[in-house]
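> Take this sequence and fold it.
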Amino acid sequence: MAKKALIIGITGQDGAYLSRLLLEKGYEVYGALRKRLDSSPHNLATLGIADSIKFVPVELLEFTNILYVIKKSMPDEIYNLGAQSSVALSFEQPLFTADVTGMGSLRVIEAIRVLDKPVKFYQASTSEMFGKVRETPQTELTPFYPRSPYAASKLFGYWMAVNFREAYKMFICSGLLFNHESPLRELDFVTRKITYSVARIKHGLQDHIDLGNLEARRDWGYAPEYAEAMWLMMQQSEPDDYVVATGETHSIKEFVETAFSIVGIEIGWEGRGIQEKGIDKASGKVVVKVNPDFFRPTEVDVVRGDYSKAREKLGWSPRTSFRDIVRIMVEHDMKLLD
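Numbering: from 1, shown residues only. Okay, the predicted model is just below:
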């Protein structure tokens, strides 16, 4: 009999890739959708799997709805990828972010606890919880220092997962996933904003990109591989928490340079701070500007993960290079605009 999985947050990048992976492994996949006009399964349609998903309405603000859906679908595994996941928006909507991202996770965990049937649970955690990092690289034992309402809300969900696992012997694992990208990233994430804008500039559809802190450094991996790590955590005999990362860091400026280089544009830089500009060396045109509106109130300057535990216990390692990730995204957006 096929395993059943419920994916909360199925319409996002990670939900789509995880759905494809589970379907390939013979799972019956239930996808939790918010009953909203903007809750569209377009990512699933892009991967050609929308018709293979059984959609169910789930609202993370409503405990009885969560409990009803879990009882109705009776999954073997639940993956909680649902959240208000925009760091910038979390500063504008901190209460909503805390309720959906933090309390929403607890509502799912509590719903599982009151069931008679044991269910494995995956909590999507994030490198943003490390924030103002206490050590580099970051491991599963590195102290947390969140620097946004989003990160603090995720930290609440993480500690609830740990507490319920220890108190009630529930199978709960958290993936401390560092930044991971793909063509399915939404346009409000800086990486996709860059690749899409580069494609538009190459096609003559816009003049430049406005960006915030060009010096921020991130550990960027490839989203389909990170979905595989999620699944591997749930197949272990004992639940645990794992850092999923590449062990490399690159700046926003490097991401910009790499994206432009893929479409044959070499970038030079002039000025400093908010006056810095990226110049197309061939034409002399300004194609990158720094806009203070895109700076965070509190910045996460650099994060770099140590995935040794995932490599040793899960047999997982990243396979796609930084440049290849950027290339895949740029080529996708070039074709999209074609």
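
> just checking, what's the longest helix in this protein?
Secondary structure of the chain per DSSP state H: the longest helix is helix 149-168.

> Can you mark which positions in that one are buried?
Neighbour counts over helix 149-168 (16 or more other C-beta atoms under 10 Å) mark 149-158, 160-161, 164-165 as buried. For every residue, glycine as well, the C-beta is placed using N, CA and C.

> Closest one of those to residue 218?
residue 151 (13.8 Å; C-beta to C-beta).

> Now do the closest residue to the closest one other than its chain neighbours: how many residues are near it, please.
The shortest distance from residue 151 to any non-neighbouring residue, by C-beta to C-beta, 6 or more residues apart in numbering, is to residue 128 (3.9 Å). Using other C-beta atoms under 10 Å, residue 128 has 25 neighbouring residues.

> The next helix-or-strand element following the longest helix of the chain packs against which elements?
In the C-terminal direction, the helix or strand that comes right after helix 149-168 (DSSP states H and E) is strand 172-177. Judged by 3 or more C-beta pairs under 8 Å, 6 or more residues apart in numbering; DSSP states H and E, the packing partners of strand 172-177 are strand 120-126, helix 149-168, helix 223-234, strand 241-244.

> got the contact list for the last one?
Read it as strand 241-244. 125, 138-140, 158, 162, 173-178, 180, 221, 226, 229, 233, 305-307, 309-310, 313-314, 316 (C-beta atoms under 8 Å, 6 or more residues apart in numbering).

> Only the buried residues of the helix or strand bottoming out on mean pLDDT in the chain, if you could.
Among the helices and strands of the chain, helix 42-46 carries the lowest confidence by mean pLDDT, DSSP states H and E, at a mean of 90. Neighbour-count burial for helix 42-46 flags 43-44 (criterion: 16+ other C-beta under 10 Å).

> what helices or strands is it leaning on?
So helix 42-46, by 3+ C-beta pairs under 8 Å, 6+ apart, packs with helix 13-24.

> The nearest residue to residue 242 once chain neighbours are set aside and residue 126: what is the separation?
Of all residues not flanking residue 242 in the chain, residue 310 sits nearest, at 4.6 Å (C-beta to C-beta, 6+ apart). Distance, residue 310 to residue 126, using C-beta to C-beta, to the nearest Å: 15 Å.

> Residue 45 too?
From residue 45 to residue 126 the distance is 26 Å (C-beta to C-beta).

> Can you show me the CA trace of the longest helix of the chain as CSV?
What follows is helix 149-168 as a C-alpha-only set of coordinates in CSV (Å, rounded to 0.1, in the frame of the first residue of the first chain):
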residue,chain,number,x,y,z
PRO,A,149,10.0,38.7,12.9
TYR,A,150,10.1,35.9,10.3
ALA,A,151,13.2,34.3,11.8
ALA,A,152,11.9,34.7,15.4
SER,A,153,8.6,33.0,14.4
LYS,A,154,10.5,30.1,12.8
LEU,A,155,12.6,29.8,15.9
PHE,A,156,9.4,29.4,18.0
GLY,A,157,8.2,26.6,15.6
TYR,A,158,11.6,24.9,15.9
TRP,A,159,11.6,24.9,19.7
MET,A,160,8.0,23.6,19.8
ALA,A,161,9.1,20.8,17.5
VAL,A,162,12.0,19.9,19.8
ASN,A,163,9.8,20.1,22.9
PHE,A,164,7.0,17.9,21.6
ARG,A,165,9.5,15.4,20.2
GLU,A,166,11.2,15.1,23.6
ALA,A,167,8.0,15.3,25.7
TYR,A,168,5.7,13.0,23.7
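
> Could you shift the numbering so residue one becomes 267, and keep it that way?
OK, 267 is where the count begins now, so the last one is helix 415-434.

> now the helices: where do they sit in the stretch 467-604 of the chain?
Counting by DSSP state H, counting those that start in this stretch, the stretch 467-604 of the chain has these helices, from start to end: 489-500, 518-528, 574-575, 588-603.

> what's the average pLDDT for the third one?
Spelled out, that is helix 574-575. On average, the pLDDT along helix 574-575 is 98.

> outside of that helix, which residues touch it?
Contacts of helix 574-575 (C-beta under 8 Å, 6+ apart): 405-406, 508-509.

> Would you list the buried entries among the residues you listed?
Among those, the ones that count as buried (16+ other C-beta under 10 Å) are 508-509.

> Just name the closest of the contacts of helix 574-575 to residue 462, please.
residue 509 (29.1 Å).

> So in terms of bridging, what pairs with that closest one?
residue 442 (DSSP bridges).

> Quick check: it vs residue 297, distance?
27 Å.

> And for residue 357?
Plainly put, residue 357 is 29 Å away from residue 297 if you go by C-beta to C-beta.

> between these two, who's got more neighbours?
Taking neighbours as other C-beta under 10 Å, residue 357 and residue 297 compare with residue 297 leading, 24 against 15.

> ok, now which ones touch that one?
272-273, 276-277, 281, 285, 307, 310, 319-322.

> cool, residue 286 as well?
By C-beta under 8 Å, 6+ apart, the neighbours of residue 286 are 313, 315, 490, 493.
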